[in-house]
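Student: here's a sequence, model it:
(4 chains)
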Protein chains: 4
Amino acid sequence: MTKEELLAKHGEPVRVLDHGHVRLIDVMGDDERVEQVARLSYGNGTRKVSETRSLLRYLIRHRHTSPLEQAVITLDMKMPIFVARQLVRHRTQSINELSGRYSEMPEEYYVPAEVYEQSTTNKQGRGEQAHPAMESSFRVNMRRSGEESFALYARLREEHVARETARIVLPLSTYTQWCTTMSLHNLLHMLELRLDHHAQWECRVYAEAIAKIVEDWCPIIWEAFVDYRLEAVTFSREEVKYIRERIAMDGLDLPNDDELTAKTHFSYRERGEFLLKLGVV
Amino acid sequence: MTKEELLAKHGEPVRVLDHGHVRLIDVMGDDERVEQVARLSYGNGTRKVSETRSLLRYLIRHRHTSPLEQAVITLDMKMPIFVARQLVRHRTQSINELSGRYSEMPEEYYVPAEVYEQSTTNKQGRGEQAHPAMESSFRVNMRRSGEESFALYARLREEHVARETARIVLPLSTYTQWCTTMSLHNLLHMLELRLDHHAQWECRVYAEAIAKIVEDWCPIIWEAFVDYRLEAVTFSREEVKYIRERIAMDGLDLPNDDELTAKTHFSYRERGEFLLKLGVV
Amino acid sequence: MTKEELLAKHGEPVRVLDHGHVRLIDVMGDDERVEQVARLSYGNGTRKVSETRSLLRYLIRHRHTSPLEQAVITLDMKMPIFVARQLVRHRTQSINELSGRYSEMPEEYYVPAEVYEQSTTNKQGRGEQAHPAMESSFRVNMRRSGEESFALYARLREEHVARETARIVLPLSTYTQWCTTMSLHNLLHMLELRLDHHAQWECRVYAEAIAKIVEDWCPIIWEAFVDYRLEAVTFSREEVKYIRERIAMDGLDLPNDDELTAKTHFSYRERGEFLLKLGVV
Amino acid sequence: MTKEELLAKHGEPVRVLDHGHVRLIDVMGDDERVEQVARLSYGNGTRKVSETRSLLRYLIRHRHTSPLEQAVITLDMKMPIFVARQLVRHRTQSINELSGRYSEMPEEYYVPAEVYEQSTTNKQGRGEQAHPAMESSFRVNMRRSGEESFALYARLREEHVARETARIVLPLSTYTQWCTTMSLHNLLHMLELRLDHHAQWECRVYAEAIAKIVEDWCPIIWEAFVDYRLEAVTFSREEVKYIRERIAMDGLDLPNDDELTAKTHFSYRERGEFLLKLGVV
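Tutor: Numbers count the residues shown, from 1 in each chain, chains lettered A, B, ... in the order given. Alright, predicted model coming up:
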């Protein structure tokens, strides 16, 4: 997809939650740029890996992430403040946020479409969906609370109270907006954390909206990111020991090249890496 | 002041605003450490500047800031979320904040002791104090709004709504708490911005509380910071041209060593630097 | 200048030193983007500053630097290792450097066209140019030393010594190459330090080559950067006190609007700021 | 180990390579501090994990790394420039390095005790040790080359050539020295990369010397780091699919609590996590 096609497809705001959005403003670099930079950096060392796809997958697999910093993206995002408060903690991005000291805050606040109970097993998460009757009552109360807060804000502003003071009565569900620029490397790191099922759902939907843009922007890197990071699993020292013993126990039918070729999409190089990890070579 | 004395003096929370605080947790390095590191780095080059004070003042004056990164501080801070949202933008610090997903938020929110009107000249600032009668009414309304938001929060929690969802009804005035670690260099940069009269007053009082700790922790660097950065003034190209012309116009009584010695506390080296800046040598 | 024009003009390597270069690979954002982001961020607060130029100059003058992070540049640079060692210390850039572990180092090393003596007053600088006869002899010796080092490198490589080991005999004058991506904000900060006359001359020429690109890329920001930062002068607390006294002493002819209008290019707003700095209002 | 014991044990330079060293200058925070900060941050959420060790292992296992930024270390390191060039790329540290512009460089350069051939399979690595006769000749040549470079440096300095120019004839094997401050989080990330067998051996020995300090400084975190990161293995999406199939194939003897308890040191919680990863629950 050319940059023009990318902007044509993602240059309009995509709705996220009830009043939020994600919109692509600009990109610099792409799969090909990352490849070129890696070849500059590793020079002769990359001659053997002749194809773009193989090289990019190799980089992601082996966490040679520095070439991913050469692709950069600028996004316009609108989200509730409690979401912004989580996303701002990714420090390696450049953010310019709407300032409530300079500007009147528009009356927009988030009311969840569905309300969930506290998880009984996960200290930071949500569990079952609330009973429909309760859910409806929760939503009514949250909306009323938002309306009252914004009504007070409006009254304070009418009485000329300083914007920087009046805004402090607004709820954490109030929408804010920012423009953020970050490298593909940092973006993927953020997505890895925010696409996780432990992330708050309201953050995750923003991560998902951004993921769709990245998939079109750098399709080869995205695919490798899914295979080698997003859906990869890290086993601890003890866990790996256990797995190796189990695989070894099977005696005769050790995984071999033929079997792996039949069952997986591994390249020759990846098969070798896998057998090494399993401790069977 | 030794580290023990420093912790004895600042290790208890100092109240800031109605429910907030700043508390010193730990420091590493001090004036002397910064001096030692500078001498390692500049080696022979620093032999001439024999005293600690002269060397440290030289570093600050000439923005050789890297040795200031070798002194590090950890603070415990409690502040309203709208203040935290401003301070978190200083990215070169390590923050661990109380999480509203894991923990119940205590019912503490900021109500300003004095309420100011929007400035008519400064888009981001406050102007005159509101009329006492109005001020009192504002405070009553803000308190009631806080109480209602926290009452809704409590009801939602009683009905087992997930903490991460219930909290979004809380106002931006709600108190949060964090532990932050940052280098003296980054701390001074933050203080420079947040002690400025353009900073929101509620941020400034936190900066002032921290400044008191720094003054005891690294007294020589702090003094130099005040002289060469906090109370220094930068004149643009055109402004400097104008100043030089004015100084030159005075003809016979150009500033000279005797005059400067009498009128200022300049060292010999600083006098030379000043005359160079004025363009009279 | 459009991006296409920019790449047409600066997309070919510009020679720096005897074998180095600077080459523009890509940019994202420009004067206009920075303006748009600032308007998003400050919202209503920027309505009054109607023109692009006034707004951008205001941002630079008041060190509202965050919008400058929304413009990003990628450069290809080739420079001696001792220069690279200085530039790499600017940490807020993304660098991919040619690796001497992966690649054979080409026989290219820097021999200065002119040789200078150690400054007698500046511990870190150079003083007078060496006598022509001496200079010529220095250059011969440096060239011979480089040739011998590279000859040893070649012999070690012929005998199959690992690249990572063989390269350690090469001199600090050896050329390396990298691709770097950084924001305009960080680039201007780097240029401010490296265009300074205290910077090593061999670094300065790279900064100058980059400055030419920035001047075409973001002409309005560049002009403001020169006026308000590069050629601005910061006076310490004591120095400002002295200047204010001198200006005040002149009695009747205090600088006023008419005089400033005649002598400077100040806008109305800047005149007010200047008088404030001088303490005459 | 108390801070005093730590400084007593590691406060003297430990020799690394022929002329280098690592020396502990200071630390702030430790296992216990990291625990306290995590409890502040996660609040009620950490009540259940009653012990320090369990909590710290949980943090490392789940990559909740931010509390690790609250422990900070300052090291004095002396190493060849080619090593420093690799280590400086870890940007999240504060470095003050000896400057060859200010100081005369002492005649110290690295000559490897053993010389290895280029690996035939690994583009960036070393393979077999060179034949003893060759090795000895290599070392003689490298030493002579170093002597000649330093002799030229001395001559240039005698003729008053500026230090910043004279130094460029010195080899990449020349020793430099720096003081570095970084958080435990960033240090562990650096060690993870530099303890790897793909890292150049001369970097690895510095990482190993630092690792010994960390092991005494934060023993519980270090143990968890070894178990969950250093000796952990990440399997890709396809690899995990294969492993799950293999484990499932074994039919009756699925790993269960009893077996895992007998074979591993897993806590109850870890057993559950492992079974989830294996897809057997």
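Student: average pLDDT across stretch A:188-203?
Tutor: For stretch A:188-203, mean pLDDT is 96.
Student: do stretch A:78-94 as well
Tutor: Throughout stretch A:78-94, pLDDT has a mean value of 96.
Student: buried stuff in it?
Tutor: For stretch A:78-94, burial by neighbour count (16 or more other CB atoms under 10 Å in any protein chain shown) applies to A:78-88, A:90, A:92-94. Any C-beta I mention is one placed from the backbone N, CA and C, and that applies to glycine too.
Student: how about low-confidence regions in the stretch 1-150 of chain A?
Tutor: For the stretch 1-150 of chain A, the stretches with pLDDT under 70 are A:44-50.
Student: which one of the buried residues of stretch A:78-94 is nearest A:Leu152?
Tutor: Closest approach to A:Leu152 among the buried residues of stretch A:78-94 (CB to CB): A:Ile81, at 16.8 Å.
Student: tell me the contacts of the closest one?
Tutor: Counting by CB atoms under 8 Å, 6 or more residues apart in numbering or on different chains, A:Ile81 touches A:172-176, B:85, B:172.
Student: give the buried residues for stretch A:227-240.
Tutor: Buried positions in stretch A:227-240, judged by neighbour count with 16+ other CB under 10 Å: A:227-230, A:232-240.
Student: can it be said to contact chain D?
Tutor: Yes. On the criterion CB under 8 Å from any CB of the partner chain, stretch A:227-240 is in touch with chain D at A:227-228, A:231-240.
Student: pull up the distance across that stretch, start to finish.
Tutor: End-to-end span of stretch A:227-240 (CA to CA, to the nearest Å): 19 Å.
Student: what's the answer for stretch A:104-121, then?
Tutor: End-to-end distance of stretch A:104-121 (CA to CA): 41 Å.
Student: now swap in stretch A:189-201 and tell me
Tutor: 18 Å.
Student: repeat for stretch A:208-227
Tutor: Across stretch A:208-227, first to last residue, CA to CA, it's 17 Å.
Student: over to stretch A:116-126?
Tutor: This stretch, stretch A:116-126, spans 6 Å end to end (CA to CA).
Student: contacts for that stretch, please.
Tutor: A:127-130, A:198, A:201, B:99, B:101-102, B:160-165, D:42, D:44-46, D:48.
Student: wait, which of the contacts of A:Ile81 is closest to chain C?
Tutor: Proximity of these to chain C (CB to the nearest CB) peaks at A:Thr176, which lies at 10.9 Å.
Student: can you classify that closest one by secondary structure?
Tutor: Recorded secondary structure, A:Thr176: strand (DSSP: H, G, I helix; E, B strand; the rest coil).
Student: number of residues surrounding it?
Tutor: For A:Thr176, the neighbour count with other CB atoms under 10 Å in any protein chain shown is 22.
Student: so what's it up against?
Tutor: Here A:Thr176 is in contact with A:78-81, A:84, A:97-98, A:100 (criterion: CB under 8 Å, 6+ apart).
Student: skip the chain neighbours and tell me the closest residue to A:Ser267.
Tutor: Nearest residue to A:Ser267 in three dimensions, chain neighbours excluded: A:Ser54, at 6.9 Å (CB to CB, 6 or more residues apart in numbering or on different chains).
Student: do the same with A:Val205
Tutor: Using CB to CB, 6+ apart, the closest residue to A:Val205 is A:Val16 (5.4 Å).
Student: that neighbour contacts A:Val22, correct?
Tutor: Yes. With contact defined as CB atoms under 8 Å, A:Val16 reaches A:Val22; the gap is 5.7 Å.
Student: identify the contacts common to those two.
Tutor: Here A:Val16 and A:Val22 have A:206, A:209 as joint contacts, going by CB under 8 Å, 6+ apart.
Student: so which bits of the stretch 151-281 of chain A are right by chain B?
Tutor: Within reach of chain B by CB under 8 Å from any CB, the stretch 151-281 of chain A has these residues: A:152, A:155-156, A:159-165, A:167-174, A:200.
Student: those, buried ones only, as a ChimeraX selection?
Tutor: Command for ChimeraX that selects the buried part of these, burial taken from 16+ other CB under 10 Å:
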select /A:152,156,159,160,161,162,163,164,165,167,168,169,170,171,172,173,174,200
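Student: buried ones among the contacts of stretch A:116-126?
Tutor: Buried members of these, counted by 16+ other CB under 10 Å: A:130, A:201, B:99, B:101-102, B:160-165, D:42, D:45-46.
Student: JSON lines for those, including secondary structure and distance to B:Ala71?
Tutor: As requested, the buried ones among the contacts of stretch A:116-126 are exported to JSON lines (DSSP: H, G, I helix; E, B strand; the rest coil; distance: CB to CB, whole Å):
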{"residue": "A:Ala130", "secondary structure": "coil", "distance to B:Ala71": "51"}
{"residue": "A:Trp201", "secondary structure": "helix", "distance to B:Ala71": "42"}
{"residue": "B:Ser99", "secondary structure": "coil", "distance to B:Ala71": "29"}
{"residue": "B:Arg101", "secondary structure": "coil", "distance to B:Ala71": "34"}
{"residue": "B:Tyr102", "secondary structure": "coil", "distance to B:Ala71": "32"}
{"residue": "B:His160", "secondary structure": "coil", "distance to B:Ala71": "48"}
{"residue": "B:Val161", "secondary structure": "strand", "distance to B:Ala71": "45"}
{"residue": "B:Ala162", "secondary structure": "coil", "distance to B:Ala71": "42"}
{"residue": "B:Arg163", "secondary structure": "helix", "distance to B:Ala71": "38"}
{"residue": "B:Glu164", "secondary structure": "helix", "distance to B:Ala71": "38"}
{"residue": "B:Thr165", "secondary structure": "helix", "distance to B:Ala71": "42"}
{"residue": "D:Tyr42", "secondary structure": "helix", "distance to B:Ala71": "29"}
{"residue": "D:Gly45", "secondary structure": "helix", "distance to B:Ala71": "33"}
{"residue": "D:Thr46", "secondary structure": "helix", "distance to B:Ala71": "31"}
